[in-house]
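Asker: Here's a sequence, model it:
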Amino acid sequence: MNPLYLVLLLAVVNAKVYFKETFDDSYTSRWVESSWKKSSGEAGKWAHSAGAWYGDKEADKGLETTQDARFYAISAKFPSFSNEGKDLVIQFSVKFPQKIDCGGGYLKIAGSDLDQSKFGGDSPYHIMFGPDICGYSTKKVHVIFHYPPKKDNLLIKKEITAETDQLTHVYTLIVHPDQTYEVRIDGEKKQSGFLLEDWDFLPAKKIKDPSQSKPADWVDEATIDDPTDKKPEGYDDVPKQIPDPEAEKPEDWDDEADGEWEAPLIANPEYKGEWKAKKIPNPAYKGAWIHPEIDNPDYAEDKNIYRYTDIGSVGIDVWQVKSGTIFDNILISDSVSEAEAFLAEIYTANKQKEKDAFDAYEKQKKDEEEAAKKAADAAKPAESEDDDDDEEVVDKHPDL
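Answerer: This next block holds a predicted model:
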């Protein structure tokens, strides 16, 4: 047997799916709605829907936000695991049929101790991942890690642009145990790199030596005025503005009433600005002073930044100005190939059907709007014969 094939086969056999949710009719047995914001009336209601267009009406059903200007919070638990020494793959699909103007479309991955009844914006989490759109300025994909040593949630320093059309898109985050990561959208790599470089997990390895400072006699001016360059005689005698030679005294100008006439000023084409000596290389130049660095005493290597020892829940906690977002097809696994196979099943094989359904929906909507406009125009009252008679009277009697 081909050794490479054997490796791939073992990877598939040993792949572990920790959580998989397609939101069939039994989803309510796995998901718990939070009481967060309910008492204030700010919590929105969820629906189980595929929306107005889809590839498959039943298979494409997901969790849909239904009320504008509301908070949404819901979560599910699964057996706790650690991603130590393994890939961590988080994947889900999200659709914005409402032409989203401001709202989140991301997931939060948390521990097994998540309080589902109170899950909300202040609940601790391990990873937040997915699109966030608000106006023209914010169309980004969040990748946020909670880093316990810092007790902080750290944002990625690179920009990843979110999809904002009205069709389904699949977001995939892969975190490798070698402390690298990758973000994919619809299976295509959009960003990748090293955790240590793209997030501020650790302080800098080196810092400027606080005991060192630039010597007082250090010359860091690369050029100086040429001491032999002299200002031309009469240079300062050239005025910045001069009377307009083409201006003429108005014929109706009265010197006694208006005062002595003066031509308006214009820029002097002979004026050369403030005189400055030519620059020459500075013979005393020592170069740019570089602050010596030393090892940062606060730096400590951490080879387990990627690792979470208790991953046991997933939640959706978003704010929506305009509702209609549909979340679906959540997968949490240690296998990239498992995520790729799921992507092919729920997205690749379905996207053209959904696009065709969307185009048909838009065409029908346009046709209905045009028909309604025609009907409205037809219903407008026609000008009466009496009005025509009145016009004729006016024409025959222009004095009326």
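
Asker: When you work out contacts or count neighbours from here on, use the C-alpha atoms and nothing else.
Answerer: Fine.

Asker: Residue 35 contacts residue 117, doesn't it?
Answerer: Yes: look at residue 35 against residue 117 with Cα atoms under 8 Å: they come within range, at 5.7 Å.

Asker: Buried residues of the lengthiest helix in the chain, list them for me.
Answerer: The longest helix of the chain (DSSP state H) is helix 351-379. By neighbour count with 16 or more other Cα atoms under 10 Å, helix 351-379 contains the buried residues 351, 354, 355, 357, 358.

Asker: Switch those residues over to a markdown table; also include pLDDT and distance to residue 221.
Answerer: Shown next, in a markdown table, are the buried residues of helix 351-379 (pLDDT from 0 to 100; distance: Cα to Cα, whole Å):
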| residue | pLDDT | distance to residue 221 |
| --- | --- | --- |
| 351 | 91 | 62 |
| 354 | 94 | 64 |
| 355 | 94 | 63 |
| 357 | 94 | 67 |
| 358 | 94 | 64 |
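
Asker: Out of those residues, the closest to residue 83 would be?
Answerer: Distances from residue 83 to the buried residues of helix 351-379, taken as Cα to Cα, are shortest for residue 351 (31.5 Å).

Asker: Now the closest one: closest residue in space that isn't a chain neighbour?
Answerer: Distances taken as Cα to Cα, 6 or more residues apart in numbering put residue 55 closest to residue 351, at 6.9 Å, once the chain neighbours are dropped.

Asker: okay, now the one you found: neighbour count?
Answerer: When neighbours are counted by other Cα atoms under 10 Å, residue 55 registers 20.

Asker: Test my guess that it contacts residue 347.
Answerer: No: at 9.3 Å, residue 55 does not count as touching residue 347 under the criterion of Cα under 8 Å.

Asker: gap between the closest residue to residue 198 other than its chain neighbours and residue 125?
Answerer: Nearest residue to residue 198, sequence neighbours excluded (Cα to Cα, 6+ apart): residue 157, at 5.4 Å. Using Cα to Cα, to the nearest Å, we find residue 157 at a distance of 19 Å from residue 125.

Asker: Have a look at those two and say which one is more surrounded.
Answerer: For residue 157 versus residue 125, the count of surrounding residues by other Cα under 10 Å is larger for residue 125: 21 against 12.

Asker: residues in contact with that one?
Answerer: Residue 125 makes contacts with 108, 109, 110, 111, 146, as judged by Cα atoms under 8 Å, 6 or more residues apart in numbering.

Asker: List the beta-bridge partners for the second one.
Answerer: Following DSSP bridges, residue 109 is listed with bridge partners residue 127, residue 314.

Asker: Please report how far it lies from residue 196.
Answerer: Per Cα to Cα, residue 109 is found 20 Å from residue 196.

Asker: neighbour-wise, which of the two wins?
Answerer: A direct count of neighbours by other Cα under 10 Å for residue 109 and residue 196 places residue 109 higher, at 24 against 16.
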